[in-house]
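S.K.: The following comprises the amino acid sequence and a computationally predicted model.
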Amino acid sequence: MNEKLTYTISEAASAAGVGRTKLYELINAGEIPLIKIGTRSLVRRSDVFDLLERNTVQNAA
């Protein structure tokens, strides 16, 4: 089975472990690009992964 290339807003929020409101905040802040195809709003799977990588905190201990 092929991996999805894009997520809906709800799917992207779930995959990132955040709520829809927080995801929209990240989109509006330019942290995650939004793809519009017709009336659909989509987020690339790779952009969700990149967001998580950028925000990974190294163990300070």
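M.R.: Right, received. Where do you want to start? Residues are numbered from 1 along each chain as shown.
S.K.: So which elements touch the biggest strand by length in the chain?
M.R.: Counting by DSSP state E, the longest strand found in the chain is strand 40-44. Judged by 3 or more C-beta pairs under 8 Å, 6 or more residues apart in numbering; DSSP states H and E, the packing partners of strand 40-44 are strand 6-8, helix 9-16, strand 35-37. C-beta: built from backbone N, CA, C; applies to glycine.
S.K.: Quick check: which of these is nearest to Asn59?
M.R.: Minimum separation from Asn59 across those (C-beta to C-beta) falls at helix 9-16, 21.1 Å.
S.K.: Please point out which parts of the next helix or strand after the closest one sit buried.
M.R.: On the C-terminal side of helix 9-16, the closest following helix or strand by DSSP states H and E is helix 20-28. In terms of neighbour count (16 or more other C-beta atoms under 10 Å), helix 20-28 has its buried residues at Leu23, Tyr24, Leu26, Ile27.
S.K.: Would you mind measuring from the third one to Ala12?
M.R.: Using C-beta to C-beta, to the nearest Å, one gets 9 Å for the distance from Leu26 to Ala12.
S.K.: shared neighbours of the two, which are they?
M.R.: Ile32 (C-beta atoms under 8 Å, 6 or more residues apart in numbering).
S.K.: can I assume Leu23 is in contact with Ala15?
M.R.: No - checked against C-beta atoms under 8 Å, the pair Leu23 and Ala15 is beyond contact range at 9.8 Å.
S.K.: related to what we said a few turns ago, mind listing what's buried along the longest strand of the chain?
M.R.: For strand 40-44, burial by neighbour count (16+ other C-beta under 10 Å) applies to Leu42, Val43, Arg44.
S.K.: Direction included, what does it pair against?
M.R.: Strand 40-44 has the following strand partners under DSSP bridges: strand 6-8 (antiparallel), strand 35-37 (antiparallel).
S.K.: And the pLDDT at the residue nearest to Ser10 when sequence neighbours are not counted?
M.R.: Excluding the flanking residues, the one nearest Ser10 by C-beta to C-beta, 6 or more residues apart in numbering is Arg20, at 6.3 Å. For Arg20, the pLDDT comes out at 96.
S.K.: dump the residue contacts of Arg20.
M.R.: Contacts for Arg20 (C-beta under 8 Å, 6+ apart) come out as Ile9, Ser10, Ala13.
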